[in-house]
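In: below are the sequence and a predicted model for it; my questions follow.
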Amino acid sequence: MGLKDDLEAQVKKTFRDAWKERNGTVVPQDNDVGLGNDGVNLDATVLYADLSESTALVDSETKTFAAEIYKNYLYCAARIIRFEDGSITAYDGDRIMAVFIGDSKNTAAVRAALKINWAVTNIINPGIAQQYSSKSYRVKQVIGIDTSKLMVARTGIRGSNDLVWVGRAANYAAKLCNKKMSPTYITKEVYDMLNETAKFSNGVNMWTSEYWSEMGYKTIYRSSYSWSIS
């Protein structure tokens, strides 16, 4: 079978075959989902953490310094996400995707985001200043969080495949990382489900609402607050 025949056959099969869907209670791993029309449905909250201005970083700094920034940011983000019971689902260059499930998924995701912001301000950037006193570069980052129903499917070819997260939360969380005024953005759906501890600091609301003009003027919330790590 030639390449054209193979592609045509696979496209027809995917469009024709019925889907086998099941509800999931844990975040699936690669081998939990088949390569065919197999889907796992989840109620989930998605967090995207994105290192800002990474193109300028690699253009203006040495490759080893840029690599150190990538490694430290992604390491801190990953450790914090795991500490808050999130599942890391993808690394994509200068960003990390995580999924939270369960009754406290929104509060856990937001707590992780605020802790990542704290780590950037109190650990990573002071570390840069200490090791590289002549450099003015400091890490900036944006985290986006949304919650929705998702279907997890497996895409790619045999021997080279990955899970794809189909649903609003994955898309919105990623798009929120394009915002630049604050380090953390969440949708109204996430905000409405937060525990009071993740909304208020000493009686003051940590979140400012705004309209997301790029997405039909949906209400979203942003915050510059952080959550200290001991």
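Out: Nice, I can see it.
In: all contacts plus neighbour counts: C-alpha atoms, from now on.
Out: Fine.
In: output the contacting helices and strands for the helix or strand containing residue 67.
Out: Assigned by DSSP states H and E, residue 67 belongs to helix 63-83. Judged by 3 or more C-alpha pairs under 8 Å, 6 or more residues apart in numbering; DSSP states H and E, helix 63-83 is in contact with strand 38-51, strand 87-92, strand 95-100, helix 105-119.
In: who are the contact partners of the residue nearest to the spatial centre of the chain?
Out: Residue closest to the mean C-alpha point of the chain, counted by C-alpha atoms, centre = their mean, is residue 48 at 1.7 Å. Going by C-alpha atoms under 8 Å, 6 or more residues apart in numbering, residue 48 touches 95-98, 143-145, 173-174, 177.
In: how near is it to residue 96?
Out: For residue 48, the distance to residue 96 equals 6 Å [C-alpha to C-alpha, to the nearest Å].
In: residues near residue 180, how many?
Out: When neighbours are defined as other C-alpha atoms under 10 Å, residue 180 has 15 of them.
In: list the contacts for it?
Out: By C-alpha under 8 Å, 6+ apart, the residues touching residue 180 are residue 142.
In: pLDDT score for it?
Out: Note on residue 180: pLDDT of 89.
In: same question for residue 93.
Out: Residue 93 is given a pLDDT of 85.
In: use 24 as the first number for this chain going forward.
Out: Sounds good: first residue 24 from here, last item residue 116.
In: that one: how many residues sit nearby?
Out: As a burial measure, residue 116 scores 11 neighbours (other C-alpha under 10 Å).
In: got it, and the one 4 residues further on?
Out: For residue 120, the neighbour count with other C-alpha under 10 Å is 25.
In: which residues does residue 224 bridge with?
Out: residue 227 (DSSP bridges).
In: pretty sure residue 235 contacts residue 242?
Out: Yes. Assessed by C-alpha atoms under 8 Å, residue 235 is found in contact with residue 242 at 6.1 Å.
In: which helix or which strand is home to the nearest residue to residue 56 once chain neighbours are set aside?
Out: Nearest residue to residue 56 in three dimensions, chain neighbours excluded: residue 177, at 6.1 Å (C-alpha to C-alpha, 6 or more residues apart in numbering). With elements taken from DSSP H and E, the one containing residue 177 is strand 164-180.
In: and the next helix or strand past that strand?
Out: Remark: after strand 164-180, the chain's next helix or strand is strand 183-189, criterion DSSP H and E.
In: listing partners with orientation, what would you give for that following strand?
Out: strand 164-180 (antiparallel).
In: one step back: distance between the helix holding residue 90 and the chain's centre?
Out: 14 Å (C-alpha atoms, centre = their mean, to the nearest Å).
In: residues of it that come out buried?
Out: Across helix 86-106, burial judged by 16 or more other C-alpha atoms under 10 Å covers 89, 92-93, 96-97, 99-101, 103-104.
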